[in-house]
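A.B. asks: when you get a sec, could you give me coordinates for this:
(2 chains)
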Amino acid sequence: GAVVSQHPSWVICKSGTSVKIECRSLDFQATTMFWYRQFPKQSLMLMATSNEGSKATYEQGVEKDKFLINHASLTLSTLTVTSAHPEDSSFYICSARVAWQRNTGELFFGEGSRLTVL
Amino acid sequence: GQQVMQIPQYQHVQEGEDFTTYCNSSTTLSNIQWYKQRPGGHPVFLIQLVKSGEVKKQKRLTFQFGEAKKNSSLHITATQTTDVGTYFCAGPKTTGFQKLVFGTGTRLLVSP
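C.D. replies: Numbering: from 1, shown residues only, chains lettered A, B, ... in the order given. Alright, predicted model coming up:
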C-alpha cells in the first residue's frame, strides 16, 4: 500500500515558538493532503486541506495564520504551528489518497506527530 | 453541522466474546469507511461500503451499511487481543466530498 511519512514523531517546544511538521508521500504523488488533529481519547478533527501549488483550505474555526500549511511539491506538505501555546498540544496527523482512487477512496495516514508545548 | 456519532464510546470484552460498534450519521452518505487505530498509532483503513444495505466480511469482521445510507455497523466475532484499538467510521463531508468526517470512535479493550 501507499506510504505516508511524518516527521518529527515527537516534538516538545516552549510556549511562543513555532514548530514545523513535515508530511511526505513516499511512493506516490499527492496533489491533496489532509491535516487532522486528535486530542487524547478523542476523534480526528479535520483542520485543513493542503493543495499542491495553491493555498490550503481551512475548516471552520481553524486559524489559518496560526496553522500555516505549505504544499510545495507533489510529495511534501508542511504544517507550521506558529507561536505555539499549551492548548496547541495535540497529535497532528496528515493523510493522502493515491491519485487513481480519485476523491473518495481510502486515506493513507502518516504516523502522526505528537506536539507538547510547555 | 454534520455529525457522525458512534456507540458505545468504550467496550471491554473478554477474549472470545463478540463486539459491535454502531455508527450514525446526521446526513445521508455516498459511502462509509472504517478505520482502526491502535493505541499510540495512526488510523489504518479497513474497508469502504458504497451500496445501500451492503454487507462485507473480512475474516472475523462484518461490516454493514444501512438501507438509508445513514448508519453502519462493524461486528467482530470471537475477539482476540490483537483487536484492541479504536474503531472509527468516516464519511464524506457535505461541504467537500473528498474530505472525510470521522465518527466519535469506539475504543475496544480485549482481556485475555
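
A.B. asks: going by C-alpha atoms from here, please, whenever you check contacts or count neighbours.
C.D. replies: Noted.

A.B. asks: do a quick rundown of the strands in chain B.
C.D. replies: Under the criterion DSSP state E, chain B contains strands at B:4-7, B:10-14, B:19-25, B:32-37, B:43-49, B:55-58, B:61-65, B:71-76, B:85-93, B:96-102, B:106-111.

A.B. asks: show me the contact partners of the worst-scoring helix or strand of chain A on mean pLDDT.
C.D. replies: Within chain A, no helix or strand scores below strand A:67-73, which has a mean of 92 by mean pLDDT, DSSP states H and E. Strand A:67-73 is contacted from outside by A:50-56, A:77-82, using Cα atoms under 8 Å, 6 or more residues apart in numbering or on different chains.

A.B. asks: check stretch B:13-29 too.
C.D. replies: B:2-8, B:68-81, B:87, B:89, B:91-92, B:103, B:106, B:108-112.

A.B. asks: can you flag the buried ones in those?
C.D. replies: Buried by 16 or more other Cα atoms under 10 Å in any protein chain shown: B:4-7, B:69-76, B:79-80, B:87, B:89, B:91-92, B:103, B:106, B:108-110, out of those.

A.B. asks: ok, back up a step: ok, and which of the contacts of stretch B:13-29 reach chain A?
C.D. replies: With Cα under 8 Å from any Cα of the partner chain as the criterion, the contacts of stretch B:13-29 include B:92, B:103 near chain A.

A.B. asks: spell out which parts of chain A neighbour chain B.
C.D. replies: A:34, A:42-46, A:49, A:93, A:103-112.

A.B. asks: count of neighbours near the closest residue to residue A:44 other than its chain neighbours?
C.D. replies: For residue A:44, ignoring the flanking residues on the chain, the nearest one in space by Cα to Cα, 6 or more residues apart in numbering or on different chains is residue A:38 at 4.8 Å. Look at residue A:38: counted by other Cα atoms under 10 Å in any protein chain shown, it has 18 neighbours.

A.B. asks: okay but residue A:38 is in contact with residue A:88, surely?
C.D. replies: No. Under the criterion of Cα atoms under 8 Å, residue A:38 makes no contact with residue A:88, lying 10.7 Å away.
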